[in-house]
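Participant: could you work out the structure for the sequence below:
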Amino acid sequence: MEQSLSTLSVVAPAGLRILMASSEAHPLIKTGGLADVAASLPAALRQLGHDARLIIPAYPRAARQLRESRPMCEFKMPGCRVGVRILEGLHPDHDLPVYLVDAPESFGREGNPYTDLSGRDWGDNAERFLLFCRVIVLITQGLPALGWKPDVLHGNDWQTGLAPALLKDLPERPATVFTIHNLAYQGLFDRATYERIGLPAALWSLSGLEFHQRLSFIKGGIVFSDRVNTVSPTYAAEVRTPRFGCGLDGLLRQIGHRFSGILNGIDYQDWNPASDPLILQNYDRDSFGLKAENKLDLQREFGLPRSEDAFVLGYIGRLVEQKGVDLILAILPELLRDPRIQLVVVAAGERQTEQALHDLAARHPRQVGVFIGYDETRAHRIEAGCDAFLMPSRFEPCGLNQIYSLRYGTPPIAHRTGGLADTIIHATPDMLVQGAATGFLFDEPQPQNLLNAIQQALQLYRDNPDGWRRLATTGMSQDLSWEASARQYLQLYSDAIAERQTRINAAWA
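Facilitator: Below is the predicted model of the structure:
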């Protein structure tokens, strides 16, 4: 008989039992901010005394990193020629129980969890993540081998969106919460795919999974969950408008009080300049001057002239239209006329943009350093070594890099949208005098507006070093840790449990 995880390694807290379902979680597998949230939020919930656990697919990289991993059970699933196993273990960085869905035909693929080596979506993504959702449903019903059953299922993004739909008529279902991390990614597939993968016919309707004659995974999460949220209050308001709603703004308005916004936090253990092992020189608010050592180290690493006088801008992220990298490329010819400005980039995405960055670095080898790909160590060093951080996103549900930047005393320069607007206080003269400013915001994502914001930052940096230090250390003083956000999620779970009971009562009435 298998020994349960809680008795083997972790004493399970009292309180709510919460199953966090995600297609990625740092450092097991990561393509974006969802991975950071999926690992940090359940860890924070456990610290608050609740039994939160994480479930993700058993990608090879994830399986290699799981601590104390062991198989717990195996079962047959529709569409799978071989059995599906549940592996149980611990998160590499937290005492967080993790379940891996081990289905090699679906998830035993190295690299990106969603795309092949050419960057195209896997052709069987609908089947893969329907399987994931079906296994999630099984676990919520209580698998004897696990000896555990959640009070709340917390799904994240389209890859988990079918789970609430499949649970809707089950009498013993948990309360369901669904978080939208980016509404632009919806998990859309054609009608033929719907027929092929064997979903119940009753779910194909305007009040179900149908979206303009297509199957929408994310709509399943929105329609059938007890509570739906997104990752910042401003983005929650934005996606209820046609400009940002990606065709779902009407539905999000329709669900009314069931939809809200909760700002993401960050893991203050992973992102702490005072103890970060990935940077050359640790520092805090009181020793802010030591940050300059990290600038010199970053310049060395990227092959740029080492100079404390240089104004070093950083960018980390995906090279897609949403992130506004084209705005950066548009202004660089003018910006780089100043030989004391440098830019350091760690990014990957559209091949054309990658090549444009390579070309730029070749033309300006003393001012531009580029690394194509994602590298966690370089990300920490950019946050610690740059003077300011660029985030000109056209829309940004929450954003984490601006929060990391604030934590590291690297004032962000960002478009006033979504979570960027919720976390950055613009450096107006009044806010600077009051000691409240933390960065620079611009309205409307146009190249000239970005350039103006950079020039404002540059002027403060060069003309008023004391003002710049105050701006940077004010950002470092913000409390954007997960604890406050986790408490808001606990209230959301409580609301979801009440909503579930209301629906059960209505069904029996």
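
Participant: now the end-to-end length of stretch 394-413.
Facilitator: With CA to CA, to the nearest Å as the measure, stretch 394-413 spans 13 Å from end to end.

Participant: could you do stretch 55-66 as well?
Facilitator: Using CA to CA, one end of stretch 55-66 lies 12 Å from the other.

Participant: so after the one helix or strand Leu54 maps to, what's the next helix or strand?
Facilitator: Following DSSP states H and E, one finds Leu54 within strand 51-57. Next in sequence after strand 51-57, counting helices and strands by DSSP H and E, comes helix 60-65.

Participant: ok so, going back, what pairs with the strand holding Leu54, parallel or antiparallel?
Facilitator: Strand 51-57 has the following strand partners under DSSP bridges: strand 17-21 (parallel), strand 97-102 (parallel).

Participant: can you redo these as CSV with distance to Ile504 and mean neighbour count?
Facilitator: Yep, even glycine has a C-beta here, placed from its N, CA and C like the rest. Shown next, in CSV, are the strands paired with strand 51-57 (distance: least, CB to CB, whole Å; neighbours: other CB atoms under 10 Å):
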stretch, distance to Ile504, mean neighbour count
strand 17-21, 18, 24
strand 97-102, 27, 25
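
Participant: of these, which is nearest Met391?
Facilitator: Closest to Met391 of those, according to CB to CB: strand 17-21, at 26.5 Å.

Participant: for that closest one, which outside residues touch it?
Facilitator: 38, 41-42, 45, 50-56, 132, 136, 139-140, 148-156, 160, 163, 174, 493 (CB atoms under 8 Å, 6 or more residues apart in numbering).

Participant: same for the following helix or strand past it, what does it pack against?
Facilitator: Next helix or strand after strand 17-21 toward the C-terminus (DSSP H and E): helix 33-47. Of the remaining helices and strands, those touching helix 33-47 by 3 or more CB pairs under 8 Å, 6 or more residues apart in numbering; DSSP states H and E are strand 17-21, strand 51-57, strand 152-156, helix 482-508.

Participant: counting contacts, what elements does the host helix or strand of Tyr235 pack onto?
Facilitator: In the assignment (DSSP H and E), Tyr235 maps to helix 233-238. Using 3+ CB pairs under 8 Å, 6+ apart, the elements in contact with helix 233-238 are strand 259-261, helix 418-423.

Participant: again, 6 Å this time
Facilitator: helix 418-423 (3 or more CB pairs under 6 Å, 6 or more residues apart in numbering; DSSP states H and E).

Participant: report the rounded mean pLDDT for the helix it packs on.
Facilitator: With pLDDT averaged residue by residue, helix 418-423 scores 97.

Participant: which elements pack onto it?
Facilitator: helix 233-238, helix 401-407.

Participant: who touches that helix?
Facilitator: Helix 418-423 is contacted from outside by 232-235, 263, 395-399, 402-403, 414, using CB atoms under 6 Å, 6 or more residues apart in numbering.

Participant: need these in JSON lines (columns: distance to Asp326).
Facilitator: Rendered in JSON lines, the data for these read as follows (distance: CB to CB, whole Å):
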{"residue": "Ser232", "distance to Asp326": "23"}
{"residue": "Pro233", "distance to Asp326": "28"}
{"residue": "Thr234", "distance to Asp326": "23"}
{"residue": "Tyr235", "distance to Asp326": "21"}
{"residue": "Leu263", "distance to Asp326": "27"}
{"residue": "Phe395", "distance to Asp326": "14"}
{"residue": "Glu396", "distance to Asp326": "15"}
{"residue": "Pro397", "distance to Asp326": "20"}
{"residue": "Cys398", "distance to Asp326": "22"}
{"residue": "Gly399", "distance to Asp326": "18"}
{"residue": "Gln402", "distance to Asp326": "19"}
{"residue": "Ile403", "distance to Asp326": "24"}
{"residue": "Ala414", "distance to Asp326": "16"}
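
Participant: thank you, goodbye.
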